[in-house]
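**Student:** next comes the sequence, and after it the predicted model I'd like to discuss.
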Amino acid sequence: MTRRDHPLPAAPELGTQDGLAYALFEPPGEPRAAFVIVHGAGSAKESHFDFARAAAANGLAAIAFDARGHGRSNGELGAGAVDDVLAMCALARERTPHVALRGSSMGGYYAIQAAATDGDVDAVVAICPAPEDMLVRGLRADAFEFRADRARLEPWLAEHPLEGAIASLAPRTALLLLHARGDEQVPWTISQELFEAAGEPKRFLLLPGGHHRSIQHDLELQAESIRFVVRVVAAAR
């Protein structure tokens, strides 16, 4: 049997900003754009290192961070969660003016809300995004394994519907929605409704089968997300 040694992937730059723990992945040269990666409820930045490495291998920077109440970040998830995403966008813009957001489940909700608030994000990739009413129900049922400031978070979520935020993205911010038809947690019809509410430019990929987390780590769909952002940035130049 022939032994093949494969080089270890480059380690990210680890840091903290205002109590937020992050990992920065950079390509060998100047990045064409940067992804800010927003994880889902109960997850952590490390769950998305595979995508961050794929982005860096294709000439994009990527920042994955722990939301408050998760991983190594300080504090509780509360009404300032969107501000935390925007802080990571500011960090990304120190590398490149072109920033995209990639969020899954709860992270999809916050990625869309942050892009709507920022107003200058090039693209959002939302994977099985969870709407605000579903997040509120999860908080009330103690279904999430993270530290939360429920007294402030619940009313904030109720006041920030996802459909309104997604409608405000067009035409500045391109939208890619990804959902698995077999998602057992967030029904695929949520993304269908969001797609209908969104303006152009937009795209919706509905995949047969799968489950709530299957798309996040699918290599082909990771590559499609990267190509989507590269095309958007190239068209903007």
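**Tutor:** On my side now, so go ahead. Numbering: from 1, shown residues only.
**Student:** tell me what the residue positioned nearest the centre of the chain is bridged to.
**Tutor:** Among the residues of the chain, the one closest to the centroid is Gly103, at 1.8 Å (CA atoms, centre = their mean). Beta bridges link Gly103 to Val38, Ala126, judged by DSSP bridges.
**Student:** next, the contact list for it, please.
**Tutor:** 37-40, 109-112, 124-127, 129 (CB atoms under 8 Å, 6 or more residues apart in numbering). Just so you know, the C-beta spots here come from the backbone N, C-alpha and C atoms, and that holds for glycine as well.
**Student:** one more: Leu177?
**Tutor:** Ala126, Pro129, Ser191, Leu194, Phe195, Ala198, Lys202, Arg203, Phe204, Leu205.
**Student:** need the pLDDT of Arg237.
**Tutor:** Arg237 carries a pLDDT score of 72 in this model.
**Student:** hmm, I typed the wrong one, I wanted Leu169.
**Tutor:** 98.
**Student:** Phe25 against Ala56, yeah?
**Tutor:** Yes. Counting by CB atoms under 8 Å, Phe25 does reach Ala56; the two are 4.3 Å apart.
**Student:** which one's more surrounded, the two?
**Tutor:** Neighbour totals were compared for Phe25 and Ala56, and Phe25 leads with 26 against 21 (other CB atoms under 10 Å).
**Student:** torsion angles phi and psi at the more buried one?
**Tutor:** Note on Phe25: backbone dihedrals following degrees, to the nearest 10 are phi -110, psi 130.
**Student:** is it fair to say Phe51 lies in a strand?
**Tutor:** No. Counting by DSSP: H, G, I helix; E, B strand; the rest coil, Phe51 falls outside a strand, being helix.
**Student:** dump the residue contacts of Tyr109.
**Tutor:** Taking CB under 8 Å, 6+ apart, one finds Gly103, Pro129, Ala130, Pro131, Glu132, Leu135, Leu162 in contact with Tyr109.
**Student:** ok, Asp122 next?
**Tutor:** So Asp122 contacts Ala33, His98, Val99, Ala100, Thr173, Ala174, Val229, Val232, Val233, Ala236 (CB under 8 Å, 6+ apart).
**Student:** any common contacting residues for Phe25 and Ala56?
**Tutor:** Ala10, Ala62.
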